[in-house]
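Engineer: I'll drop the sequence and a predicted model, then ask my questions.
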Amino acid sequence: MIKDKILLSVIPPLGSFIIKFIGKSTRWEKINYERVTDFNQSDKPIIFAFWHGRLLMIPYICEGKNPHVLISQHRDGEMIARIIKYFNLKSIRGSTTRGGMEGFKNIVKVLKNGSDVVIAPDGPKGPPYIVQPGIIRLASISGCPILPIAYSVSKYKKLGSWDEFMLPAPFGKGAFIAGEPMTVPPKASKDIYEKKRIELETSLNNITETVDKKVSAITEKNRFKYQDSLSNNSKAINNNENRTSEV
């Protein structure tokens, strides 16, 4: 317990400092950023969606209306929640195994109050690059559009975690991209839900591939396997149809 308390007091300020240092030392290019700006200037809240493996720099580059990030309730989630406070981001705690429904209701409430939310729809445990249906249901119930986003950097290390976590290094070049916003009709059928789920998944894969190529982050030995995710859609969703999206 004492060790955990020490880690929770030391790592968040250190982690936020590292993220800010990487962010400020990276030469960023913004692609289709007007899509973010247009929403920020409107009264309509949005749901930002990104792949879990590209989490680290999201607090630095994500700009929205009082954005709230969905974060799981385990200890790692608590660490993330404390780090994002240094970026004026708020957290919504929820989990696929603990507090999932409560977290979902809180997200709907946040959106209804006019604030944006930020979600990794393949988190917190995967499978990677597979959109779980929770975010589609959220868009349908709230009436808020989903805006896919992604970033990439030229200098990084890809960890051996389930999400192929990208750990950026400083003094490189980077790019942030926003995809086409998408909406989900209210009271949609299961077929429409699945169509929209695949639409979001394809969009996230496409913009991530685009931004990777923009900064030459893909090599033959370290390739982001977009097509693998598409071929595994049906199997993954059958095994995870009751899961709620979260960071």
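Structural biologist: Thanks, I have the structure now.

Engineer: so I107 touches R137, yeah?
Structural biologist: No: using CB atoms under 8 Å, I107 makes no contact with R137, being 10.5 Å away. Bear in mind the C-beta positions are built from the backbone N, C-alpha and C, glycine included.

Engineer: looking at those two, which one has more neighbours?
Structural biologist: I107 (27 against 19; other CB atoms under 10 Å).

Engineer: which residues does that one contact?
Structural biologist: Taking CB atoms under 8 Å, 6 or more residues apart in numbering, we find I107 in contact with H68, L70, I92, G94, V117, I119, L138, S142.

Engineer: one more time with 10 Å, if that's ok
Structural biologist: Going by CB atoms under 10 Å, 6 or more residues apart in numbering, I107 touches 47, 68, 70, 92, 94, 115, 117, 119, 134-135, 138, 141-142, 144, 244-246.

Engineer: ok so it is a strand residue?
Structural biologist: No: I107: not assigned to a strand; according to DSSP: H, G, I helix; E, B strand; the rest coil it is helix.

Engineer: tell me how far stretch 61-73 is from the chain's mean position?
Structural biologist: 9 Å (CA atoms, centre = their mean, to the nearest Å).

Engineer: my read is that R27 contacts F171, right?
Structural biologist: Yes: between R27 and F171 there is a contact under CB atoms under 10 Å: 8.7 Å.

Engineer: between those two, which contacts overlap?
Structural biologist: Shared contacts of R27 and F171, counting by CB under 10 Å, 6+ apart, come down to S154.

Engineer: now what about stretch 156-166, what contacts it?
Structural biologist: So stretch 156-166 is in contact with 22, 51-57, 120, 122-129, 151-153, 167-169, 172, 174, 208, 212, 215, 217, 222, 224-225, going by CB under 10 Å, 6+ apart.

Engineer: ok, 7 Å please
Structural biologist: With CB atoms under 7 Å, 6 or more residues apart in numbering as the test, stretch 156-166 has contacts from H52, G53, R54, L56, K125, G126, P128, L167, P168, A169, A217, N222.

Engineer: next one: stretch 19-32
Structural biologist: So stretch 19-32 is in contact with 56-57, 59-60, 153, 168, 170-178, 211, going by CB under 7 Å, 6+ apart.

Engineer: could you rerun that using 8 Å?
Structural biologist: In contact with stretch 19-32 (CB under 8 Å, 6+ apart) are residues 56-57, 59-61, 83, 86-87, 153, 168-179, 210-211, 214.

Engineer: got a quick PyMOL command for the buried subset of the residues you listed?
Structural biologist: This is how PyMOL selects the buried members of the contacts of stretch 19-32, with burial counted by 16 or more other CB atoms under 10 Å:
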select buried, resi 56+57+59+60+61+83+87+153+168+172+173+174+175+176+177+178+179+210+211+214
